[in-house]
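>>> sequence first, predicted model second:
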Number of protein chains: 6
Amino acid sequence: MGLTHFNEEGRARMVDVSDKPKTQRVARAAGKVLMRPDTLELVRTGGVRKGDVLTVAQVAGIMAAKRCWELVPMCHPVQLTGVDVSFAYEEDGIAFTATTRCCGETGVEMEALTAASVAGLTIYDMCKAHQRDMAITEVRLLEKDGGKSGHFVRAE
Amino acid sequence: MGLTHFNEEGRARMVDVSDKPKTQRVARAAGKVLMRPDTLELVRTGGVRKGDVLTVAQVAGIMAAKRCWELVPMCHPVQLTGVDVSFAYEEDGIAFTATTRCCGETGVEMEALTAASVAGLTIYDMCKAHQRDMAITEVRLLEKDGGKSGHFVRAE
Amino acid sequence: MGLTHFNEEGRARMVDVSDKPKTQRVARAAGKVLMRPDTLELVRTGGVRKGDVLTVAQVAGIMAAKRCWELVPMCHPVQLTGVDVSFAYEEDGIAFTATTRCCGETGVEMEALTAASVAGLTIYDMCKAHQRDMAITEVRLLEKDGGKSGHFVRAE
Amino acid sequence: MGLTHFNEEGRARMVDVSDKPKTQRVARAAGKVLMRPDTLELVRTGGVRKGDVLTVAQVAGIMAAKRCWELVPMCHPVQLTGVDVSFAYEEDGIAFTATTRCCGETGVEMEALTAASVAGLTIYDMCKAHQRDMAITEVRLLEKDGGKSGHFVRAE
Amino acid sequence: MGLTHFNEEGRARMVDVSDKPKTQRVARAAGKVLMRPDTLELVRTGGVRKGDVLTVAQVAGIMAAKRCWELVPMCHPVQLTGVDVSFAYEEDGIAFTATTRCCGETGVEMEALTAASVAGLTIYDMCKAHQRDMAITEVRLLEKDGGKSGHFVRAE
Amino acid sequence: MGLTHFNEEGRARMVDVSDKPKTQRVARAAGKVLMRPDTLELVRTGGVRKGDVLTVAQVAGIMAAKRCWELVPMCHPVQLTGVDVSFAYEEDGIAFTATTRCCGETGVEMEALTAASVAGLTIYDMCKAHQRDMAITEVRLLEKDGGKSGHFVRAE
C-alpha cells in the first residue's frame, strides 16, 4: 500500500521555534464595535441591563489574551507578562485597544488580537438586547516590537 | 458602616433565564479577513508554511463556538447541537460564515460570532508571516431564529 | 494473579444521576475576606493599583461558577441559567454572596460555593500588594432549593 | 474570482443533531497499559514516588470524560450524568474500563474512550520514571446503548 | 464627542512585570473545612459514597493550582515547578495546606491559595450528602519567599 | 485526635523540579487506529461525512499537546516550542506520530503521548458512523532526548 506521510504534503504544524532566542515582545491591536448613538448612550450612562459594559469587556479581553493558544491552533503557548485593554467612545461606536507583553521566542500579536476580539464580542453581548445589528470591525495589529522581524507600525 | 449591595447598583450578572422555554435556536454570523492579492493567492494555492489555512481556521472556529461561554463572561453555557463554518474567496480577502444551533433558553448568536471571530483570528495567524497589515472586519450577525424575539435578518 | 476491581473498593466516581428528574434548582453561598480597615478603605475609594476590585471579583465569580465541574472532580456538568454575585462592605472586611440557578438533575450548591470562593480569591489578588495577611473565611452554603432533598436554609 | 464554498467540498462540520430525540445513553470503553512485572508490582505495593497511581488515574479519567468535547473537535458538548472508571491488574499490565452516561441527542462513546485514554496516559505518567517502554493498547468501545443505532456489543 | 480612555481612570489591568527578574518562588497557603465529628469520622473510615475524599481533594487542588491564572483575572500565567497538597485531621474538621513553587517574575501565592480553596471545595462536595452546613474557613497565606518583597511569614 | 499528614504516606504530588536546569527537550510518540479496509478507503478518498479525517485529527493532536498538563494531573505545565503530528496509511489502519519540543526542566513525552492519543481519538470519532469496532493501539514513546536521563530510543 505504501506510506503517505501527511506533513510532507504541507499540512498544519506548530512550527519549531526552539532555536529562536527569548526577547522582550510587545504588541498592540485595536478594533471597534459600530453601534447606533442610542446604544452608545446607554453604555455611557450605565443603562445596560446586563451590567457595566466596558468593565466586563476589559476583564474578558485580558482573560482571553492568556488563553489565545488554546483557541488559535498553531499559536505557541506564551507566558504573558502584561495585558492592558482600554476603550474610547467614538461617534459611531466604541474603539478598543489591547496591549500584550512577554519575554519569549515568539511574538504576542495573536494575544493582542485575541484580547481585542473578545473585548469586542463582550461589548456586543452586553448590548445585544438593545441592538442586534452592531458590527465588530477593523480588528488589526497597530504595532509590534521584539524578535527578528523588528519594529512594525501599521500605516493608517 | 452600612451595607452597599453592589448589584443593586447595576453591576454585571448572568441574567436569570430559568423561566424561558427551551426552543430550537439557530444563528448565522459572518466576517472577512482583508488581505493583499498575493497573500490570498498563497492561501488558495496552499503555499502557506504553517499549513492549510482554511481547514485549520474551520476547526478552530467550530471548537471556539463550543467554548463561547468560557470567553464571554455573561453568556450562558449552551449545548450546541450543530456548528458549521464555511469560507469564500473574495477579491479583497476571505469571507467566513458560521452557523450555530441548539435547543435552549437563550439564543446562539454569541456562539456564531465567536466561531466567526476565531476563524478570522486563525486565518490571520496562519498568514501573518506573509502580511502583517491584514484586518478582521465586518464581524456581524446575519440572521437568528428561535425564542421570543423571533426571526431577525440583518439588512445588508 | 486475580483481578482487583478498584471501584468495588469504594474509589471515586461521578455518581449516576440518570434516573433523577430535572427540576428547577437554586443555591446561595456566601463568605468574607477579612482585611484591615486601611485596605478596605482603599477598595472603597478605588485606590487599588490593579483596578476596580469588586467589579473584577464579580466577573471572576460568575465565570468560575460556569466552570465548577472542571475544577471539582466529581461534580456533574451543569448548564447554569443564572449567576449573580454581590458584595457588602462590613467592618472587618468584604462579604460576598453568590446565587446560582439551573434546571437539572443535580443541585447547584457547588457552583455557588465556587463562585463565592473565586470572588474571594480575586479580592485577595487585587489587594495583596497592600496586605498579605487577609483571610478568606466562612465560605458556606446559605440556602438551596429544588430536588428531592427539598429546601435547606442554614441556621446562622 | 467567483466563490468557492468550502463546506460544499466536504470539509469538517459538527453535524446538526437538532432533530434527534434525547434518549438515555450509556457507553463502556476499555484499554490496557502494558508494563513489566516489576513496574506492576510497584503500582500494587504503592511504591511509585509520584503517588497512588490508580487513584490519580481514576480522577483524571473522570475529569477528562467531561471535557471530551473540548479535545475532539467535532464532538458535541454533552452533559454527562455519570462516569465511572475502574481498573484490574492483569499479568502483563493494568486494564482500565470507563463507563459514561447521559440523556442526549448523541452517544457518549467518545466520552468513554477519552476517559479510558486519559486514565491510561496518567498511569503512564505516574510510572514513567520506572519504565519508559510501556504502551497504551487496545483502547476500544466495548458496548453502547441508546439512540437510533441501538445496542452495540463488541465481539471480543 | 471626545475620547474617554478607560484605563486612565484606574480600571483593571494585568500589570506589566517584564522588567522584574525571574527568581525562585515558593508559597504556602492553608485553610480548613469545619465539619461535625460524624462527618469527619466518615471521611477517616472511608465511608463516603462518592469515594476517597482526601485523595480526590488532593488531585483537585494540584490541578487547580496550575489553572489559577484562568480563574483569577489579573493573575499572570505561571509555570509551576512543584505543587504539594496535604491534609490533617483536626477536632473540628480537616485542615489543608498547599505549597507551590516556580521560577518567575511574580509570586505563586495565588496558586497556593487556589489549590487550597479547590481542595476545600472538593472536600465539601464529597461530603455534602452527609452534611450541608460545613464551612470552608481561614483560607490564608502562611508563608511566601522569593522576589523583591522578600520572606513573608504570617503571624499566627 | 492527633495529626495524620497525608503526604507523608505517599499520596500524589507534582514533584518539585525547581533545581533542574532548563534544557532542550524533544519527544516522539506513535500509535495506530486499527480499522477495516473499507473504512480506511473511505478516509483515503475523502468519503467520511464529518469531514477530512486526518486534517481534523492533526489539529486536534496539536491542540491537545498544549493542554496535556490540564489533563494529566501530575504533569508540569510546559511551554511547547513545537508540535508536529503526521499520519501514514498502513494495511490494517492509520498510524500516527507526534513530535513535541520545549526548553524546560521536564521532558515532553507526556505531551507527545497526549497528542498521539487525541489524534487517535479524533480519527475514531470521525469514522465511528462507519465502523464501531476500531481500536486505538500501541500508543507508545518512540524516542526522547534532553535532560538527565539522556537519549532514549524504544527497541522495536
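Everything's here; your move. This is a predicted model, so every value here is computed, not measured. Residues are numbered from 1 along each chain as shown, chains lettered A, B, ... in the order given.
>>> quick check: closest non-adjacent residue to the residue of chain A found nearest chain E.
Scanning chain A for the residue nearest chain E gives A:G82, at 3.3 Å (criterion: CB to the nearest CB). (Glycine included, C-beta is placed from N, CA and C.) What sits nearest to A:G82 in space, not counting adjacent residues and going by CB to CB, 6 or more residues apart in numbering or on different chains, is E:D16, at 3.3 Å.
>>> any idea of the pLDDT on A:G2?
What the model reports as pLDDT for A:G2 is 35.
>>> pull out the buried residues from the lengthiest helix in chain A.
The longest helix of chain A (DSSP state H) is helix A:109-127. Neighbour counts over helix A:109-127 (16 or more other CB atoms under 10 Å in any protein chain shown) mark A:109-127 as buried.
>>> may I have the helix or strand where A:L54 lies exported as CSV, CA atoms only?
Per DSSP states H and E: A:L54 is located in helix A:53-66. What follows is helix A:53-66, C-alpha atoms only, in CSV (Å, rounded to 0.1, in the frame of the first residue of the first chain):
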residue,chain,number,x,y,z
VAL,A,53,-20.3,47.1,29.7
LEU,A,54,-16.7,48.3,29.4
THR,A,55,-15.5,46.8,32.7
VAL,A,56,-16.8,43.4,31.8
ALA,A,57,-15.3,43.7,28.3
GLN,A,58,-12.0,44.7,29.8
VAL,A,59,-11.8,41.7,32.1
ALA,A,60,-12.9,39.4,29.3
GLY,A,61,-10.2,40.7,26.9
ILE,A,62,-7.5,40.3,29.5
MET,A,63,-8.5,36.8,30.3
ALA,A,64,-8.8,35.8,26.6
ALA,A,65,-5.3,37.1,25.9
LYS,A,66,-4.0,34.5,28.3
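>>> is it true that A:G147 lies in a strand?
No. Read with DSSP: H, G, I helix; E, B strand; the rest coil, A:G147 is coil and lies in no strand.
>>> give me phi/psi at it?
phi 90, psi 180 (degrees, to the nearest 10).
>>> ok, it touching A:R25?
Yes. Counting by CB atoms under 8 Å, A:R25 is a contact partner of A:G147 at 6.3 Å.
>>> now do the residue lying closest to A:H130 once chain neighbours are set aside, the pLDDT please.
Leaving aside its chain neighbours, A:H130 sits nearest to A:T39 (5.2 Å; criterion: CB to CB, 6+ apart). Here, the pLDDT recorded for A:T39 equals 97.
>>> got the angle for the helix or strand containing A:T39 vs helix A:109-127?
Per DSSP H and E, A:T39 falls inside helix A:37-44. Interaxial angle, helix A:37-44 versus helix A:109-127 (axes from the mean of the first three to the mean of the last three CA atoms, to 10 degrees): 100 degrees.
>>> who touches helix A:37-44?
With CB atoms under 8 Å, 6 or more residues apart in numbering or on different chains as the test, helix A:37-44 has contacts from A:35, A:47-48, A:53-54, A:89, A:93-94, A:123, A:126-127, A:130-131, A:134.
>>> list the contacts for the residue in chain A that chain F sits nearest to?
Closest approach of chain A to chain F (CB to the nearest CB) occurs at A:D16, with a separation of 3.4 Å. Each residue near A:D16 by CB under 8 Å, 6+ apart is listed here: F:81-82, F:84, F:101.
>>> among the residues you listed, which pair sits farthest apart?
The distance between the two most remote of these (CB to CB) is 11.5 Å, for F:T81 and F:D84.
>>> quick one: which of these two has more around it?
Each of F:T81 and F:D84 has its neighbours counted (other CB atoms under 10 Å in any protein chain shown); F:T81 has more, 26 against 23.
>>> that one and chain D: what is the separation?
21 Å (CB to the nearest CB, to the nearest Å).
>>> same check, this time on A:K20
Counting by CB to the nearest CB, the gap from A:K20 to chain D is 29 Å.
>>> now swap in A:E70 and tell me
Distance, A:E70 to chain D, by CB to the nearest CB: 9 Å.
>>> swap in A:T122?
In this view, A:T122 and chain D are 21 Å apart by CB to the nearest CB.
>>> isn't that residue right next to B:V72, touching?
Yes. Applying CB under 8 Å, one finds A:T122 in contact with B:V72, separated by 5.3 Å.
>>> what touches both of those two?
Common neighbours of A:T122 and B:V72 (criterion: CB under 8 Å, 6+ apart): A:A60.
>>> do stretch A:51-68 and chain D meet?
No. Figure legend: stretch A:51-68 not in contact with chain D (CB under 8 Å from any CB of the partner chain); closest approach 11.8 Å.
>>> how would you label the residue nearest to A:G82: helix, strand or coil?
For E:D16, the assignment made with three-state DSSP gives coil.
>>> over to it: give its phi and psi.
According to degrees, to the nearest 10, E:D16 has phi -70, psi 120.
>>> returning to that earlier point: which residues does the residue of chain A closest to chain E contact?
A:99-102, E:13-18.
>>> cutoff 10 Å now
Shown in contact with A:G82 (CB atoms under 10 Å, 6 or more residues apart in numbering or on different chains): A:26, A:62, A:65, A:99-102, A:108, E:13-19, E:76, E:105.
>>> can you say which of these are buried?
Buried among the contacts of A:G82 by 16+ other CB under 10 Å: A:26, A:62, A:65, A:99-102, A:108, E:13-17, E:76, E:105.
>>> tell me, what's touching A:G147 and A:R25 both at once?
Taking CB under 10 Å, 6+ apart as the contact rule, A:G147 and A:R25 both touch A:104-108.
>>> out of the residues you listed, which comes closest to F:V153?
Using CB to CB, A:E105 is the member of the shared contacts of A:G147 and A:R25 that lies nearest F:V153, at 27.2 Å.
>>> pretty sure that closest one sits against A:P21.
Yes. In terms of CB atoms under 10 Å, A:E105 counts as a neighbour of A:P21; the distance is 7.2 Å.
>>> who touches both of the two?
Here A:E105 and A:P21 have A:G147 as joint contacts, going by CB under 10 Å, 6+ apart.
>>> what's across from A:A29 in the sheet?
A:A98, A:L141 (DSSP bridges).
>>> so who does it touch?
By CB under 10 Å, 6+ apart, A:A29 lies in contact with A:65, A:85, A:96-100, A:108-117, A:119, A:139-144, A:154, B:124, B:136.
>>> and it, how far from A:V139?
7 Å (CB to CB, to the nearest Å).
>>> what is in contact with these two at once?
Residues touching both A:A29 and A:V139 (CB under 10 Å, 6+ apart): A:96, A:98, A:113-114, A:116-117, A:119, B:124, B:136.
>>> TSV please, covering those and showing distance to E:Q58.
Output for the shared contacts of A:A29 and A:V139, formatted as TSV (distance: CB to CB, whole Å):
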residue	distance to E:Q58
A:F96	42
A:A98	38
A:L113	39
A:T114	34
A:A116	39
A:S117	38
A:A119	37
B:Y124	42
B:I136	44
